[in-house]
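Visitor: Predicted model and sequence below, questions to follow.
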Amino acid sequence: QVQLVESGGGLVQAGDSLRLSCAASGRTFSTYIMAWFRQAPGKEREFVASISRVGSISYYADSVKGRFTISRDNAKNTVYLQMNTLKPEDTAVYYCAADRDYTGTLSGAYDYWGQGTQVTVSS
């Protein structure tokens, strides 16, 4: 089992950057596939990015490709989401998720979730 705690959210202006962090408990972090999702008010939770266990493979939603970068540091039990050129439509609660096997975009397939961190982008 793994516990996840996100941090780094905040209020920024369009065009700014933010880096989110997700710290995981336990000694088995490197055995989990990690992902970021987001949920805007009144909308379904949507996939943002995922990264393989050793960080060699990553996937992105089309809406963030080229602007966001997911990375992980297994020595620090942490996964990151670097967000550049932020847009007002990126405003959402961002969640970190983990699963031992699943690499896809369906939120229901991920077993472990953090509490979320709010990102607000003003125009």
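Guide: Great, that's in hand.

Visitor: List the contacts of the residue nearest to the spatial centre of the chain.
Guide: The centre of the chain sits closest to residue 36, judged by CA atoms, centre = their mean, with a distance of 2.3 Å. Applying CB atoms under 8 Å, 6 or more residues apart in numbering to residue 36 gives the contacts 20, 22, 48-50, 70, 79, 81, 94-97. Any C-beta I mention is one placed from the backbone N, CA and C, and that applies to glycine too.

Visitor: could you redo the last one with a cut-off of 6 Å?
Guide: Residues in contact with residue 36 (CB atoms under 6 Å, 6 or more residues apart in numbering) are 48-49, 81.

Visitor: could those go into a markdown table alongside neighbour count and secondary structure?
Guide: As requested, the contacts of residue 36 are exported to a markdown table (neighbours: other CB atoms under 10 Å; DSSP: H, G, I helix; E, B strand; the rest coil):
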| residue | neighbour count | secondary structure |
| --- | --- | --- |
| 48 | 25 | strand |
| 49 | 23 | strand |
| 81 | 27 | strand |
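
Visitor: Show me where the chain has its helices.
Guide: For the chain, no helices are identified by DSSP state H.

Visitor: So the nearest residue to the residue nearest to the centre of the chain once chain neighbours are set aside versus residue 75, what's the distance?
Guide: Excluding the flanking residues, the one nearest residue 36 by CB to CB, 6 or more residues apart in numbering is residue 48, at 4.2 Å. Distance, residue 48 to residue 75, by CB to CB, to the nearest Å: 24 Å.

Visitor: Appreciated, that's everything.
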